[in-house]
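Trainee: Just need the structure, nothing else, for what follows:
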Amino acid sequence: MLELAIMGFLAEGPLHGYELRRRVARLSGHTRPVSDGSLYPAINRLVKAGHLDRRAEPGASAAQRQVLDLTDDGRTELLRRLREPADHDITDSTRFFTILAFLSLLPDVADQHAVLRRRLEFLERPASFFADGDRPLRAQDVTDPYRRGMLVVARATSRAERAWLQEILS
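Mentor: Numbering: from 1, shown residues only. Model (predicted):
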């Protein structure tokens, strides 16, 4: 998802590394902080794969700064990743929200909707953080107030997301 976020933000235009890091951190930093130790190796992988160009520009002080730009191959790869997300990219909320942040870059609405339908199908399956054997437990089945709270919040979030997805898909 870090690579997807990098390519997604660079699809909007060239950025220097510091600004790219800020944007990625705003997108997912509340759940998964972005360190230089993960960002810069991801950038290096994308440069090596031919998905990004990197060039040096004079900075505000004497130090140069690296400016990154998405290549044509990078745009093709970005669109492929958006069009064909892995199953865990659909089922993990944080990963799915990264996809959602850039889904409008897909030029074909049918491709966008196919991704949204996959998420909706996942959300409509019975699920729970807790189970009695194979039976998912509902909030009213749980006595622990904190576990019940988890289930209540998850149900409300899921309900809101399903309603939004149904609205977009209709």
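
Trainee: show me the contacts for the most centrally placed residue in the chain.
Mentor: In the chain, the residue lying closest to the centroid (Cα atoms, centre = their mean) is Thr98, at 1.6 Å. Residues in contact with Thr98 (Cβ atoms under 8 Å, 6 or more residues apart in numbering) are Met1, Leu4, Ala5, Gly8, Leu27, Ser28, Asp89. The way it works is simple: take the backbone N, C-alpha and C, and place the C-beta from them, glycine included.

Trainee: Now with 10 Å, please.
Mentor: 1-2, 4-5, 8, 24, 27-28, 32, 82, 85, 89, 92 (Cβ atoms under 10 Å, 6 or more residues apart in numbering).

Trainee: Name the secondary structure element that contains it.
Mentor: helix 93-102 (DSSP states H and E).

Trainee: All the helices of the chain, residue numbers only.
Mentor: Here the chain has its helices, by DSSP state H, at 2-11, 17-28, 36-48, 72-83, 87-91, 93-102, 109-123, 145-169.

Trainee: Okay, buried residues for the first one please.
Mentor: Buried residues in helix 2-11, counting neighbours by 16 or more other Cβ atoms under 10 Å, are found at Leu2, Glu3, Leu4, Ala5, Ile6, Met7, Gly8, Phe9, Leu10.

Trainee: what do you get for the longest one?
Mentor: Neighbour-count burial for helix 145-169, counted by 16+ other Cβ under 10 Å, picks out Arg147, Arg148, Met150, Leu151, Glu161, Leu165.
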